[in-house]
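J.: here is a sequence together with a model predicted from it:
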Amino acid sequence: MNWLRDVSRAVRRKKHVSSTQQPSILVRCLSTADLSFVGIGCMLGSGVYILTGEVAAEMAGPAAIISFLIAGIVALFSALCYTECATRFPETGASYLYAYVSLGELIGFLIGWNAIIIRILAVSFVSRGWSAYFDNVIGARVFNFTMDVLLDGAEWEVPLVSSYPDILAGVVSLSATVLVALGTELSAKTGRVFVLINIVTVLMVIAVAFVYADYSHLVKHGGFAPMGYGGIIKGAAAGFAGYSGFEAIAFAAEEAKDPKKGLPISVGLSFVTAILVYMGGAFAITVLADWQNINAASPFVSAFEAVDAKWMSIVIAVGALCSMTGGLIACAYCFARAIFVMGRDGLIPAIFARTSTTSHTPTVATMFGGIISVIASIFVNFVALIEFLSLMIFVEFVIVAMACILMRYNPTRDHCGEERNIEHVVQEQKQRQTCNKELSGEINNDMTYQSDNDQHSTSSSTDVQAPRFASEEITPAEMDKRRPTVTAIMEGHEQSCEYNKDLPAESEVNNHDVANGRSCNRFSASINNESIGELTPLLGSLPPTSSQILCQSEKKPGRLLWSSDNPVKTVLSSLMVFIVSTIVIVWIVSYKMEEIRGDNDVLTFVLMVAAMLAVTGCVPLFMLKQYTDEIPFKVPLMPFIPLLSIVSNIILMMRFEPLTWIELGVWTAIGLVVYFVYGIRHSKEAGILPITPNRYTQASKTYS
């Protein structure tokens, strides 16, 4: 069963990244303003011209303004989690990176796998919208030409395939891809122009709406909220998708000039702008026309036609096309970075990590994703895939919220990405190799030890030193002096904790350890006061470090024993209990409330138990210590905001049909095949490698 153990370790290994800016083949050229426009462009897209009408006409009526406000606040919870993770680890990858660091390689791969397809199909989807909007402005000439010349008047009738090939959408998708490949700074400046035009257009729409406004429309046919509270919440659930582009800012972390300051500011500016634009758009529609008469397909055009302001249709068309163009550029930028970072980590072929020496962009990844998006733009029917894409986005948000919580409670800087002392890592590698040889009988009993003259730490007033393998011989008496002893306070009682007190004499190393099945890895411990918490996943099972012992010494009287033994596993277990319980609660409340009202004792009991478990699962999060040192941006009210983000996303996920979940399962299964066939064997984290600044540049080959 050794292979099963190896696979288990492989899927759980975690990526090591630095919390400081590292040299990268990508160029840090994006200012705070650039980051803000990237986020705004991706969040607005086509949503402000279509989504506002759908929510107002079909869900919330004039109360759509409140729906978009609620949706923006809930989306901000997820954005705050992204921002803390992005400022802590200023690299590209976003959700993939955070999952890899906190939850392990398999979860990280699956999230990255989903992130790639989400962004590629997002480009295709927006391209189809751009094509349809433009074709509508020019009188459907593109559609008529395609049907008459290419299809002889007969539409296609194939499942998941569009009724006709949308060549214009493919051209638009390809154009956005080429622009991103030409350079980050160029695409950012171009996107900024389109986003500015879009914002000016929306401001003009709102201003003209005030001129033609009839405020009586806000209270007609059922009042301000004709669908009631349920309609407002349903509208908020739909409006949430309109804010889902903020993660584009996290993808740009490795190319930001000052990510620790620029990322939080840009997220804040993006959300303020997007919330105001969506609320302003919903207000303009509902004061111009009766909400029952709004055309959800073209809400602004129909609203202005109702007040005889048809000239505004040209302005709206320009704004809509510019808005979608800005979204296209931002989405193409995201899928290129998602593919690039997975190639750099070895989970997909390394060719995708190649970058151009002229543009310093991941050209191979960009063009590969672009080709797929072009094909999808031309042939795929997105009506059947919209819910599938939305579900994957919500799953991604839940994982990032979990990662944010886990990293906040993780006391190990090295585990979270702090760069380790290179000499220390190399020494541990040599020691581990020596131990493996010893266990296979290749080392005799002449093993000697050497003290570490450079690294030592103190706990209270006791000096702690770690034995090491070396060529210097020492006596058994001197060896006894090097057995570190610390005092730990546990459950209010002082206990003496002797580390390696059973250290055998040098003549007993081979026979004693091999006979008892113990690995001599315990000799490789290096004591370092600045390393606090768990062991590095790269080096496998190592003996307790001084940081673990120091963590025990911080225990307060009355705390549970597990509260500092292994905080990461404790928090992960608590989150799993909370999430499963929340899923049960939301499912019962969403689909079984009638049976609950009918005195169904079984469901009532299950609901009560799930509620108790959800509350109990949160208890460790309020007992364990949070580690906030050197975190540039901190999510406020931890863990409340990430937990609220998890709950809100689960509520939204529960509204999807079973077929959508089956589609997600199929795509995940394909990802698992790719990982176990290729990724698990080629991962850069598979070897025991020290973290050096050159690692980031060596992993990304360049070509001219």
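T.: On my side now, so go ahead.

J.: any low-confidence regions in the chain?
T.: Counting by pLDDT under 70, the ranges of the chain that qualify are 1, 19-22, 384, 412-565, 687-704.

J.: all the strands of it, in order from the start?
T.: 355-356, 449-451, 457-459, 462-464, 467-469, 485-490, 493-498, 702-703 (DSSP state E).

J.: please compute how far stretch 150-163 lies from its chain's middle.
T.: 37 Å (C-alpha atoms, centre = their mean, to the nearest Å).

J.: what residues of stretch 335-354 count as buried?
T.: 335-348, 350, 352-354 (16 or more other C-beta atoms under 10 Å). Heads up, the C-betas are built off the backbone N, CA and C, glycines and all.

J.: CA-only coordinates of it in PDB, if you can.
T.: The C-alpha coordinates for stretch 335-354 follow below in PDB (Å, rounded to 0.1, in the frame of the first residue of the first chain):
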ATOM      1  CA  PHE A 335      -7.600  33.000 -18.700                       C
ATOM      2  CA  ALA A 336      -4.100  33.600 -20.000                       C
ATOM      3  CA  ARG A 337      -2.700  34.000 -16.500                       C
ATOM      4  CA  ALA A 338      -4.700  31.000 -15.200                       C
ATOM      5  CA  ILE A 339      -3.200  28.700 -17.900                       C
ATOM      6  CA  PHE A 340       0.300  30.300 -17.500                       C
ATOM      7  CA  VAL A 341       0.600  29.700 -13.700                       C
ATOM      8  CA  MET A 342      -0.500  26.100 -13.900                       C
ATOM      9  CA  GLY A 343       2.100  25.500 -16.600                       C
ATOM     10  CA  ARG A 344       4.700  27.200 -14.500                       C
ATOM     11  CA  ASP A 345       3.800  24.900 -11.600                       C
ATOM     12  CA  GLY A 346       4.100  21.800 -13.800                       C
ATOM     13  CA  LEU A 347       0.400  20.700 -13.400                       C
ATOM     14  CA  ILE A 348      -0.100  21.100 -17.100                       C
ATOM     15  CA  PRO A 349       2.600  21.000 -19.800                       C
ATOM     16  CA  ALA A 350       5.400  23.500 -19.200                       C
ATOM     17  CA  ILE A 351       5.000  24.900 -22.700                       C
ATOM     18  CA  PHE A 352       2.100  27.000 -21.500                       C
ATOM     19  CA  ALA A 353       4.500  28.800 -19.100                       C
ATOM     20  CA  ARG A 354       6.600  30.200 -22.000                       C
END
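
J.: so M367 sits against T177, correct?
T.: Yes. In terms of C-beta atoms under 8 Å, M367 counts as a neighbour of T177; the distance is 6.7 Å.

J.: so between those two, which is more surrounded?
T.: T177 (27 against 16; other C-beta atoms under 10 Å).

J.: what's the distance between L4 and G108?
T.: 21 Å (C-beta to C-beta, to the nearest Å).

J.: looking at the two, which is more packed in?
T.: Neighbours around L4 and G108, counted as other C-beta under 10 Å, are more numerous at G108. The numbers are 32 against 8.

J.: tell me who's in contact with the residue nearest to the spatial centre of the chain.
T.: Centroid-nearest residue in the chain: S95, 1.8 Å away (criterion: C-alpha atoms, centre = their mean). Neighbouring residues of S95 by C-beta atoms under 8 Å, 6 or more residues apart in numbering: 82, 111-112, 115, 247, 250, 396, 399-400, 403.

J.: go with 6 Å
T.: 111, 115, 396, 400 (C-beta atoms under 6 Å, 6 or more residues apart in numbering).

J.: any chance of these in JSON lines, plus neighbour count and distance to F224?
T.: As requested, the contacts of S95 are exported to JSON lines (neighbours: other C-beta atoms under 10 Å; distance: C-beta to C-beta, whole Å):
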{"residue": "I111", "neighbour count": "27", "distance to F224": "40"}
{"residue": "A115", "neighbour count": "28", "distance to F224": "39"}
{"residue": "E396", "neighbour count": "25", "distance to F224": "34"}
{"residue": "V400", "neighbour count": "31", "distance to F224": "35"}
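
J.: farthest pair in those?
T.: Greatest spatial distance among the contacts of S95 (C-beta to C-beta): A115 and V400, at 10.7 Å.

J.: closest to A236 out of the contacts of S95?
T.: E396 (19.2 Å).

J.: measure that closest one to S124 for me?
T.: Distance from E396 to S124, by C-beta to C-beta: 18 Å.

J.: what about the nearest residue to M392 once chain neighbours are set aside, how many neighbours?
T.: Residue nearest to M392 in three dimensions, not counting chain neighbours: N114, with 4.7 Å by C-beta to C-beta, 6 or more residues apart in numbering. Close neighbours of N114, defined as other C-beta under 10 Å, add up to 24.

J.: what's the answer for K569, then?
T.: Using other C-beta under 10 Å: K569 sits among 12 other residues.

J.: how near is it to V341?
T.: Taking C-beta to C-beta, one finds K569 at 27 Å from V341.

J.: now do A213
T.: 48 Å.

J.: and if you look at V568?
T.: 23 Å.

J.: just the helices in the stretch 101-250 of the chain please.
T.: Along the stretch 101-250 of the chain, the stretches classed as helices by DSSP state H, counting those that start in this stretch are 105-137, 141-145, 167-182, 184-212, 228-240, 247-251.

J.: that should have said the stretch 251-400 of the chain, apologies.
T.: Using DSSP H, counting those that start in this stretch, helices in the stretch 251-400 of the chain cover 259-288, 299-306, 312-344, 363-379, 386-408.

J.: so which of these comes closest to E157?
T.: Across those, closest to E157 is helix 363-379 (C-beta to C-beta), at 13.5 Å.
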